[in-house]
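A.B. asks: one predicted model, sequence on top.
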Amino acid sequence: MPPRAARPPRCTRCNLAKHLCLCAEVPQVETRTRFVFLQHVMEVSKRSNTGGVAALALSNAKLLIHGSMAGTFDMEVLSEPGTWLLFPDGPTAPPDAPPPRQVVVLDANWSQARRMTQRLPELRALPRLVLPPPEPGLLMLREPSHPAGMSTLDAVARAVALLEGPEVAAPLARLAALRVQRIADCGTLN
């Protein structure tokens, strides 16, 4: 069997191959809502990961790693008043509830995200921010494994639009579309 071709070097910030690097395109989006990204340790080095890029774009964001052997994070951040979980299933907030001050975003594949919600009691207790299903025509690299599935970056853009308005979310949506387009044009995630 012939040896595998060497993968091109990746950008250490956006995690894409250097020729696809998005760093110069990452906007700084100001939000009232704080976004806490709880990234599964298996997502950290994936080329397909978009949670890290979303965290870079949001000035009011915090990125935490779940499942790291190096240590744990302070679970108190998940229990702060006004915290909701961006997730398609579970208890939603009452219609008259004030908007969240903080949204926890699980940056993982569907099976990892579901296990995280089952294993972390702090997550199970949070009201859910449920997004409507993605509109037809949303640019995606692959078919989602869940009917409400989309990339973390797409989900965050839609959550920002819902909470703070489409004009605030527009730079995130453009970044998500640019990422998909660059990868599709090259035909690879390398």
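C.D. replies: Alright, I've got the coordinates.
A.B. asks: give me the contacts around the helix ranked longest in the chain.
C.D. replies: Using DSSP state H, we find that the single longest helix of the chain is helix 166-186. With contacts defined as CB atoms under 8 Å, 6 or more residues apart in numbering, helix 166-186 is touched by 16-17, 19-20, 22, 25-27, 29-31, 50, 53-54, 57-58, 139-141, 151, 153-154, 156-158, 160-161, 189. C-beta coordinates here come from the backbone N, C-alpha and C atoms, glycine included.
A.B. asks: quick one: low-confidence residue ranges for the chain.
C.D. replies: 1-6, 47, 68-73, 135-149, 186-190 (pLDDT under 70).
A.B. asks: and if we set it to 80?
C.D. replies: Regions of the chain meeting the criterion pLDDT under 80 cover residues 1-8, 44-49, 67-75, 89-90, 132-149, 183-190.
A.B. asks: buried only: go through the contacts of helix 166-186 for me.
C.D. replies: Those of those that meet the buried threshold are 16-17, 20, 22, 26, 29, 31, 50, 53-54, 57-58, 151, 153-154, 156-158, 160-161, by 16 or more other CB atoms under 10 Å.
A.B. asks: which residues touch the residue nearest the centre of the chain?
C.D. replies: The centre of the chain sits closest to T152, judged by CA atoms, centre = their mean, with a distance of 2.7 Å. By CB under 8 Å, 6+ apart, T152 lies in contact with 37, 49-51, 54, 105, 107.
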